[in-house]
Structure formats: structure tokens, C-alpha cells
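[1] Predicted model and sequence below, questions to follow.
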Amino acid sequence: MIPKELVAASAEALILSLLSKGESYGYAIIQEVRARSDNHLQWTDGMLYPVLHRMEDNGWIKSRWVKMENGRKRKYYSLKEDGKTALDEQRSQWLKVHNVLTQLWGEKYA
Amino acid sequence: MRDLNVQISKWRTRMAAGGIKSAVVLDELESHLREEIDRQTRLGVEESGAFEIAAQKIGDSELLKSEFAKIRCVKEVPVGRVVGAACCAAAALYSTVLAPALFTVSELSFGQRLLGLIAFCLTLLFFTSLRFSHKYLPVIHSRRSRIVSVSACAAAGFIWLLLFSNLLPNVIVPRLMARTAGEGPTVKAFASGYESRAGSMQIHNHLSSESRFAQAGFTAPSPELRAVFDIGLSLFWAMTFGAALGSLAYGLEEAAKRQSTNRAYV
């Protein structure tokens, strides 16, 4: 299991990256991150929402309520232009960290 | 299903009692809760157990409340940023409108021009610093301390305006008028007091004021006009001080906001 500090640090980058592939909602985001990380990356479910709301406040993402066929509502989030810029910045930062680590660890872990 | 709705309703009440008051947030959390209950049910867990698992996974209302509060905390005090930016913008605009006079009014002395230009440049610098001042200001994490600091800026600005608006008609203008009235039609005081205040035109001290003006290439202004110049200059500096306080208030809020933005919440 990845420690919560690292999960927290990567939250925005993960959300921005997922939303760059298309709009999504909180539950689906958590499930996808969990699945892609083989259950190693796990959020406390409710804690995703303050992050999403903060990112919305920052103007990186926008949201809309969608009524489903079963009558329930889902709040879908999608990336805004500022979000794409933020993603570029965060990608660049994470790649720098990745590059340093792979250099230090050698080709075996590249 | 009816029992489930009752359970969810009670869960919402508990979350609201725990501090999550926003119906929109509760709706979103409930939507998430129901998705997880569905998943647990599909995995074979009976409805009541599925609810318990889903509620547990969403987390404690106290913890969620504190995370949402961090966003609210930044949202709740935009006043400092708005007032700060408005002060700076108003001061910069006002100074910019006045600035051409520093070059076009021929009766102004070198010292007056210099003082006015320094004030104008400082005002513009404070206005421009809205973009970067947060980098050089401390991050005040405590919301209460930040409110106190920003309020202190606002109060200082307010007191300054009160002071200045009282000083201008009651002290500055009467003193200038008294001085100019005492001089009569001549311009003696201008050379001795004015230029020494500017600190850059003292090379003509041995000359009479009229010849000083002539040598410096000035058209000697009337005493009344000089009083107007003084008032104009004090306005320039009043704007500079207002812009400084505005920039400080904005910078403190911006520094806190950016720190909060960079902090991970999960």
C-alpha cells in the first residue's frame, strides 16, 4: 500500500490526468485509480471531494450534474483550459522526479 | 430499499451535524455512497452491511469537514484580496491620470517633479507587485492571524485616509495658504523652503529667488499655484501609501491561498 502522504501528493496529477481522457465523476475516478494501481493507490473515498472542489475553485475543472436513467444524479467533472496547463506543469514536475529516481536506480528499474 | 433510504437519510443528518452543511456536497457524497452500496450489493453483501461498508469508506464527517473547511477558509476571506487589488488599481489609475502634469506643468521645480515621479513609480511598482508580492510575503497559516493582519492593513489604510482627509483641509491647505499669504506676491519661500525640501536645487542659495527661477529655467508660480502643487504632491504620496497597503493585504491573502492550493488534502 502506498502511504497516504504520497497518495495525497499525487492526487491532483492523477485527477487531472484522468479527466484529460474525458469527463468523469468522483466514484469512477476512485475506482479507476484503484484499478490502474492494482489497489495500491487508495483514497479515503470522501476525501476525494475536497480535492475536486478545490481544483474547481482554482478554475482547473468544471462540473455538471447529470440525471441518470435510474433517477439518480451524478456530478461529472471535466478539464478546463487552465486545468490542461496545470496538467502540463504537474506532468513536467513528476517526470523530473521520475527521471532522477530512474537515473539513481539504474536501467533495471527504468 | 425503504430501510436503506432511512439509513441514508440518517447518515446525511449525521454528516450535517458533523459540520458538512452544504446540500450540494451532501448530494455528491450521497451519490457516491449509493454507487458503493450498489457495488457491495452486486458482490453479494446484504443491503444493510453494504451501507455500513460504503459509509465507512466515505469517512468520518469530522475529517471531511476539516478538509472542506480548508477550502472555505480560503474562500471566506476574499475581501482582503479584492479590497487590496481595488486599492492598488485605484491608486495606480489616479496617479496615472495625474502623472502627465509632472511633465507638462512648466512651473514645477525639479524637486517637485522628482518627488512626484518617485511617488508615481512606487505606486506603479506596488500595483505591479500584485502579481508577485506573495512570493516575498510570509504565509500566515492561521486563518485568525491572517484576518487580523489583513484587517490591520485595511484599518491602517482607513486611518490614513481619515487622517489625510482631515489633514488636507485642516492642516496642509491652511499652512500652505498661510505661508503663501505671508510671502505676498514674491516667491522667496519657494526658493528657500521648497527647493531645500527637494534637496536637489540648493546650488542657488546665494541668489535671490527670482534670479534662481530664471537660472533654473522656471516660470515662477504664484503662491496659490504652489499650494495646489503641494496638495497634488501629497495626493501622489497618499496614493503610494494606499497602494502599498493594498499590495500587502492582497499578497498576504494570495500567499495563503497558494499555500493552501499546493497542500494535498487526500
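    Great, that's in hand.
[2] Tell me if A:Gly59 really is in a helix.
    No: the assignment for A:Gly59, made by DSSP: H, G, I helix; E, B strand; the rest coil, is coil rather than a helix.
[3] now it: how far from B:Gly84?
    20 Å (Cβ to Cβ, to the nearest Å). C-beta coordinates here come from the backbone N, C-alpha and C atoms, glycine included.
[4] Between these two, which is the more surrounded one?
    Taking neighbours as other Cβ atoms under 10 Å in any protein chain shown, A:Gly59 and B:Gly84 compare with B:Gly84 leading, 27 against 12.
[5] So the more buried one sits against B:Gly157, correct?
    No: taking contacts as Cβ atoms under 8 Å, B:Gly84 lies outside contact range of B:Gly157: 9.2 Å.
[6] Overlap in contacts, those two.
    B:Leu245, B:Gly246 (Cβ atoms under 8 Å, 6 or more residues apart in numbering or on different chains).
[7] Could you say which helix or strand holds the residue positioned nearest the centre of chain A?
    Centroid-nearest residue in chain A, with Cα atoms, centre = their mean: A:Ile15, separated by 1.7 Å. Applying DSSP states H and E as the criterion places A:Ile15 in helix A:4-19.
[8] buried sites along that helix?
    Neighbour counts over helix A:4-19 (16 or more other Cβ atoms under 10 Å in any protein chain shown) mark A:7-19 as buried.
[9] what is the mean pLDDT for it?
    What helix A:4-19 shows for mean pLDDT is 92.
[10] pLDDT of the helix or strand following it, averaged?
    Where DSSP H and E defines the elements, the next helix or strand beyond helix A:4-19 is strand A:24-25. The average of the pLDDT scores along strand A:24-25 is 96.
[11] what lines up beside strand A:24-25 in the sheet?
    Partners of strand A:24-25 in the sheet, by DSSP bridges, are strand A:73-79 (antiparallel).
[12] What are the contacting residues of the strand it pairs with?
    So strand A:73-79 is contacted by A:15-16, A:19-20, A:22-27, A:29, A:52, A:56, A:60-68, A:87, B:27-28, B:31 (Cβ under 8 Å, 6+ apart).
[13] before we move on, what about stretch B:10-24?
    With contact meaning Cβ under 8 Å, 6+ apart, stretch B:10-24 is reached by B:26, B:29-30, B:33, B:51, B:55, B:60-62, B:64-65, B:68-69.
[14] By proximity to chain B, which residue of chain A wins?
    Taking Cβ to the nearest Cβ, chain B has its nearest neighbour within chain A at A:Ala8, 3.4 Å off.
[15] shaky segments in chain A?
    A:110 (pLDDT under 70).
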